[in-house]
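Colleague: model the following, please.
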Amino acid sequence: MAPLTLLRNADVYAPDHLGRRDLLLGGGRVLAMEERLDTTGLPGCLEVELGGRRVIPGFVDAHVHLTGGGGESGPASRVPRVPFSELSSAGVTTAVGVLGTDGTTRTVRDLVSAALALREQGLSAFCWTGSYEVPPITLTGAVRADILFVDPILGVGEVAISDHRSSQPTFDELVRLAADCHVAGMMSGKAGVLHLHLGDGPRGLSLVRRAIDETELPPSTFYPTHVNRRTALFDEAIGLARRGVPIDVTAFPVEDGEDAYAAPDAIARYLASDAPRHLLTCSSDGGGCLPTFDPSGRLLRMDVGRPAALAETLRELVDLGLPLADVLPVFTRNVADVLRLHEKGRIAVGADADLAVLDDGGRLRDVMALGRFLVQGGVPVVRGTFEQSPSVPVSPVSATS
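Modeller: Presented below is the predicted three-dimensional model:
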């Protein structure tokens, strides 16, 4: 990449619609944004003419199984890890990894390593410590220490409630875990939130509601996901959002007649309600197992979550007639603010240069992460280490170590 890159004639959605702007990028950040920028005196600046195409912030995906999910029907059902280019091609420039059901054969060590590997290759990546189970598995032996001392770790998740695969945590156990998250967030300056997996169980969000009623913990400590998996659960989640709890819908497939809301429907319903708009987010569950169980808990079939579902959901919402500026925060700024990643999810001077360019049909055309093109013309131009070719060069140091 050139030391400086100038994007000319971008129709900027920051995510608020700003109109035509030139964007000067350098050092991984947005250095300047004006209606017209003069590049005189900037030798070597790469200029890219966008011709009025829409430019949006890169997606912030708070729920990706970076090391793969699944495993609920034996070792062969373990989902492989998510490739680098699958994230970048989906417009995901910031990914937050989770473990899920399996915190035994998959570890927080591996998850942190996966996040660091994505960083080396050009994406921004973070993760949650723990998995479905309580007490949570950790890297250092303590939740507070994980959040405080391990850079990529933002909080605890995805801890399962109202699900037959959960460890059936008690109210006291869940509140104590939330308290550790909250205090560690204060000490570290990180999000310090408890990311909760919601299953199909009838208890729904009752533990969260009780925690808000009976403890001093801020509602923002809790961050439930999959809240669109049942219609009644979604209504319950909207009620908690009115009380200050950020909620996350999942862009998973929904069959006809299923008692669930597809992500576009859930987002449209939420935005039509009186709940605070900034508390709604959408994640992909990329790399995660999307299982269907029989009444006895046996796996009948499974699908796999895809990061590309975020861009597809956004396009469906715009096709429904919702303004791009209204729905875009759900995938960008709202998520970044819940995670306290304030240089993400927005296009502004000083913010990270994580950008996506849309074509005339609303599909992803180009993707930049930290000012570097990862996708151009819909084709990945940067791939992960083991996506390059069957034979990967190894340095002499690595070969002899």
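Colleague: what pLDDT does the residue nearest the centre of the chain get?
Modeller: The chain has residue 61 as the residue nearest its centroid, 1.3 Å off, counting by Cα atoms, centre = their mean. With respect to pLDDT, residue 61 scores 98.
Colleague: in space, what's closest to it - neighbours in sequence excluded?
Modeller: residue 92 (4.7 Å; Cβ to Cβ, 6 or more residues apart in numbering). In this view, the C-beta of every residue, glycine as well, is placed from N, C-alpha and C.
Colleague: these two touch, right, the residue nearest to the centre of the chain and residue 284?
Modeller: Yes - between residue 61 and residue 284 there is a contact under Cβ atoms under 8 Å: 5.3 Å.
Colleague: identify the contacts common to those two.
Modeller: Jointly contacting residue 61 and residue 284 under the rule Cβ atoms under 8 Å, 6 or more residues apart in numbering are 92, 307, 310.
Colleague: so which of these are in helices?
Modeller: Members of the shared contacts of residue 61 and residue 284 lying in helices (criterion: DSSP state H): residue 310.
Colleague: make TSV from the shared contacts of residue 61 and residue 284 and add pLDDT, distance to residue 200 and neighbour count to it.
Modeller: Formatted as TSV, those follow (pLDDT from 0 to 100; distance: Cβ to Cβ, whole Å; neighbours: other Cβ atoms under 10 Å):
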residue	pLDDT	distance to residue 200	neighbour count
92	98	27	32
307	95	24	25
310	97	23	25
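Colleague: pLDDT below threshold where in the stretch 151-300 of the chain?
Modeller: The model of the stretch 151-300 of the chain has pLDDT under 70 over residues 290-294, 296-297, 299-300.
Colleague: what are the ranges of the strands in it?
Modeller: 153-161, 194-198, 222-225, 247-250, 280-283, 289-293, 299-304 (DSSP state E, counting those that start in this stretch).
Colleague: looking at these, which is closest to residue 127?
Modeller: strand 153-161 (6.0 Å; Cβ to Cβ).
Colleague: partner strands of that closest one, with direction?
Modeller: When pairing is defined by DSSP bridges, strand 153-161 lines up against strand 124-129 (parallel), strand 194-198 (parallel).
Colleague: from residue 93, how far out is the nearest residue to residue 306 once chain neighbours are set aside?
Modeller: Spatially, and ignoring its direct neighbours in sequence, residue 306 is nearest to residue 286 (5.9 Å; Cβ to Cβ, 6+ apart). Separation of residue 286 from residue 93 (Cβ to Cβ, to the nearest Å): 13 Å.
Colleague: okay, buried residues for the lengthiest helix in the chain please.
Modeller: Longest helix in the chain, counting residues (DSSP H): helix 171-188. Neighbour counts using 16 or more other Cβ atoms under 10 Å place 174, 175, 177, 178, 179, 180, 181, 182, 183, 184, 185, 188 of helix 171-188 among the buried residues.
Colleague: next, format the shared contacts of residue 61 and residue 284 as TSV and append distance to residue 235.
Modeller: Below are the shared contacts of residue 61 and residue 284 laid out as TSV (distance: Cβ to Cβ, whole Å):
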residue	distance to residue 235
92	29
307	28
310	24
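Colleague: nearest to residue 263 among the shared contacts of residue 61 and residue 284?
Modeller: residue 310 (8.7 Å).
Colleague: verify the stated contact: residue 251 with residue 308.
Modeller: No - Residue 251 is beyond contact range of residue 308, at 9.0 Å (criterion: Cβ under 8 Å).
Colleague: out of the two, which sits in the busier spot?
Modeller: residue 251 (29 against 18; other Cβ atoms under 10 Å).
Colleague: contacting residues for that one?
Modeller: 263, 282, 283, 284, 285, 305, 309, 310, 312, 313.
Colleague: one more time with 10 Å, if that's ok
Modeller: Neighbouring residues of residue 251 by Cβ atoms under 10 Å, 6 or more residues apart in numbering: 61, 63, 228, 262-264, 266-267, 282-286, 305-314, 316, 331.
Colleague: for ChimeraX, what selects the buried ones among the residues you listed?
Modeller: To isolate the buried subset of the contacts of residue 251 in ChimeraX, counting by 16+ other Cβ under 10 Å, use the following:
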select :61,63,228,262,263,264,266,267,282,283,284,285,286,305,306,307,308,309,310,311,312,313,314,316,331
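Colleague: measure how buried residue 278 is and give me the count.
Modeller: Residues near residue 278, counting by other Cβ under 10 Å, number 14.
Colleague: relative to residue 267, how far out is it?
Modeller: 13 Å.
Colleague: I'd guessed residue 169 sits against residue 130; true?
Modeller: No - with contact defined as Cβ atoms under 10 Å, residue 169 does not reach residue 130; the gap is 11.4 Å.
Colleague: and which of the buried residues of helix 171-188 is nearest to residue 4?
Modeller: Once Cβ to Cβ is applied, the member of the buried residues of helix 171-188 that ends up nearest residue 4 is residue 188, at 33.6 Å.
Colleague: surely residue 307 is in contact with residue 313?
Modeller: No - the pair residue 307 / residue 313 is not scored as a contact, 11.2 Å apart, by Cβ under 10 Å.
Colleague: what sits in contact with each of these two?
Modeller: Joint contacts of residue 307 and residue 313 (Cβ under 10 Å, 6+ apart) are 251, 284.
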